[in-house]
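# predicted structure and sequence below. I'll ask about it afterward.
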Amino acid sequence: MSPWFLSWIGVTAGVFFSVDLNNRIYPTPSKRFLAHMLWMVALLMCYWAFCSAARNLVRGEDLSNYWSIFTRVLSTSSQLDVLIYLGVLAAIFSLRFYHKSVQEGIELKRVQHELTQEQLKNLRSQLNPHFLFNVLNTIASLVRLKREKDAVYALSELSMMLRKILETNNESSVKIKDEVAFINSYLAIQKIRFLDKLNTSISVNTDCLELQIPNMILHPLVENAVQHGSQLESNQNPVDLKISRDKDQLKLVMTNKVAKDDTHKGFGIGLTNTRERLSKIYSHFVLELYPLENGIFETRLAIPIEEQDA
C-alpha cells in the first residue's frame, strides 16, 4: 500500500503549485474554480496511473494486467481519492488565508506604528516653538528692564539648549540625566528673570539617571510650574522636583505654588501635548495635578520603565 500513501506527498506538492499558479493567472473566482477542477482531474489521473504501475512493480508482477488494475481503481477508490484531494485543497486554502491574515496584521501594525511615530514627531515639534516662545519672551523682558548682561547670558544658555534639541531631534528617547540637564539650563534662564521669586530643587535617584524616557517629556511639566509661579506678586515660587523608581515604574513628583488669580489653570498646550504623547506611547500612565494647602499644587507622573516602544 506504500505507493498509494507515499504518492500523496507529490500530489500535495502539485496542489500547492496549482493554487499558486491559478491565483497568478486567473483573476476571477469562476475561472480559478474551473482551473482547480481541471488540475484535480489531471493530478489524480497521474496519481492513479503511477500508483497502479508502482503496485505491480512492488509485487513483482508484470504489466499485463495494468489496465484492469487501473480501471478497478477508477471504479472503487477514486471517490475516496477525490475527497482526500478536496480535503488537501481546503487545507491549503486555509493555510493561505491564515498566512495572508497574519501578513496583513503585521503590515497593519507596521503602518499604525509609523503613523504613531509621525504623530509623536508632530506633537514634539509643537513643543519646541512653544518652549522657544516662552524663553524669547523671558529674554525680551530682560531687555526691556535694561538688564543687558542677563539677556546676553540668557541668549548663551538658549543657544546651548537649542544645540541639545538639534542633537536629539531624531531621538525618540533620551536619558533622564540629559533631560534634567536640559531642564537645569531652562531654569537658569528663568531664575535670571524672576530672581528671588523662583526657588528650585531637583532630586534624582542615582538608579534613574541612565533610564530612557521620551524626549522632552519632563520639560513641559517644569515649564508649566514656572508659568504658574510667574503670576505670584511677592512670595517665592518653590519648584521642587523629585524623580525616583518604584520597581518597574518611574515616578515624578513636583510641587509648585500657584497664585489665587492664576490664569494658567489646568493643562496648557505643553501639558496637553505631553498627555497626548504619553497616551500614544504607554498603555497605562498617570499624569495628574492635585491642589494641596496654601496654594501649593502637586504634579504626579508615573510611567512604565520597560513598556515604551515608540
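Yep, that arrived. Owing to the predicted nature of the structure, the values given are computational and were not obtained by experimental measurement.
# rest of the way, CA atoms for contacts and neighbours
Fine.
# elements contacting the one helix or strand A90 maps to?
Assigning secondary structure by DSSP states H and E places A90 in helix 78-144. Applying 3 or more CA pairs under 8 Å, 6 or more residues apart in numbering; DSSP states H and E, we find helix 78-144 packed against helix 2-25, helix 29-59, helix 148-167, helix 176-194, helix 269-281.
# and these: which comes nearest T138?
helix 176-194 (6.4 Å; CA to CA).
# about what we covered before: mind checking how far the helix holding A90 is from the chain centre?
Averaging C-alpha positions (CA atoms, centre = their mean, to the nearest Å) puts helix 78-144 7 Å from its chain's average.
# returning to what we had before: okay, the helices and strands packed on helix 78-144 in TSV with distance to L115 next?
Output for those, formatted as TSV (distance: least, CA to CA, whole Å):
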stretch	distance to L115
helix 2-25	32
helix 29-59	35
helix 148-167	23
helix 176-194	25
helix 269-281	10
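# a markdown table for these, including mean pLDDT, distance to N137 and mean neighbour count?
A markdown table is the format used below for the helices and strands packed on helix 78-144 (pLDDT from 0 to 100; distance: least, CA to CA, whole Å; neighbours: other CA atoms under 10 Å):
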| stretch | mean pLDDT | distance to N137 | mean neighbour count |
| --- | --- | --- | --- |
| helix 2-25 | 83 | 64 | 14 |
| helix 29-59 | 84 | 67 | 16 |
| helix 148-167 | 84 | 11 | 15 |
| helix 176-194 | 86 | 10 | 18 |
| helix 269-281 | 80 | 16 | 18 |
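# who wins for proximity to D81 among the ones you listed?
D81 sits nearest to helix 29-59 of all the helices and strands packed on helix 78-144, at 7.7 Å, using CA to CA.
# packing partners of that closest one?
Judged by 3+ CA pairs under 8 Å, 6+ apart, helix 29-59 is in contact with helix 2-25, helix 66-76, helix 78-144.
# which residues are contacting stretch 283-290?
Here stretch 283-290 makes contact (CA atoms under 8 Å, 6 or more residues apart in numbering) with 275, 278-279, 297-304.
# return the member of those residues nearest to I84.
Nearest to I84 among those, counting by CA to CA, is S279 at 52.1 Å.
# and the pLDDT for the closest residue to that closest one other than its chain neighbours?
Nearest residue to S279, sequence neighbours excluded (CA to CA, 6 or more residues apart in numbering): F285, at 7.7 Å. For F285, the pLDDT comes out at 92.
# look up how far K146 lies from F285.
Separation of F285 from K146 (CA to CA, to the nearest Å): 45 Å.
# more crowded one of these two?
F285 (16 against 11; other CA atoms under 10 Å).
# got the phi/psi numbers for the more buried one?
phi -160, psi 170 (degrees, to the nearest 10).
# next one: the one 10 residues further on
G295 adopts backbone torsions of phi 70, psi 10, taken as degrees, to the nearest 10.
# that one: how many residues sit nearby?
11.
# repeat that for the one 5 residues further on.
Residue neighbour count, defined by other CA under 10 Å, stands at 17 for R300.
# tell me what the helix or strand where it lies is packed against?
Using DSSP H and E, R300 sits within strand 296-304. For strand 296-304, the packing partners by 3+ CA pairs under 8 Å, 6+ apart come out as strand 249-257, strand 286-291.
# which helices and strands sit right next to the longest one?
Counting contacts by 3+ CA pairs under 8 Å, 6+ apart, strand 249-257 is packed against helix 219-229, strand 237-246, strand 296-304.
# can you do 7 Å?
strand 237-246, strand 296-304 (3 or more CA pairs under 7 Å, 6 or more residues apart in numbering; DSSP states H and E).
# present those as CSV; the columns should include mean pLDDT.
Shown next, in CSV, are the helices and strands packed on strand 249-257 (pLDDT from 0 to 100):
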stretch, mean pLDDT
strand 237-246, 90
strand 296-304, 91
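# what's the closest of those to L89?
Evaluated over the helices and strands packed on strand 249-257, closeness to L89 peaks at strand 296-304, with 47.8 Å, by CA to CA.
# what angle separates the closest one from helix 219-229?
Angle of strand 296-304 versus helix 219-229, following axes from the mean of the first three to the mean of the last three CA atoms, to 10 degrees, is 170 degrees.
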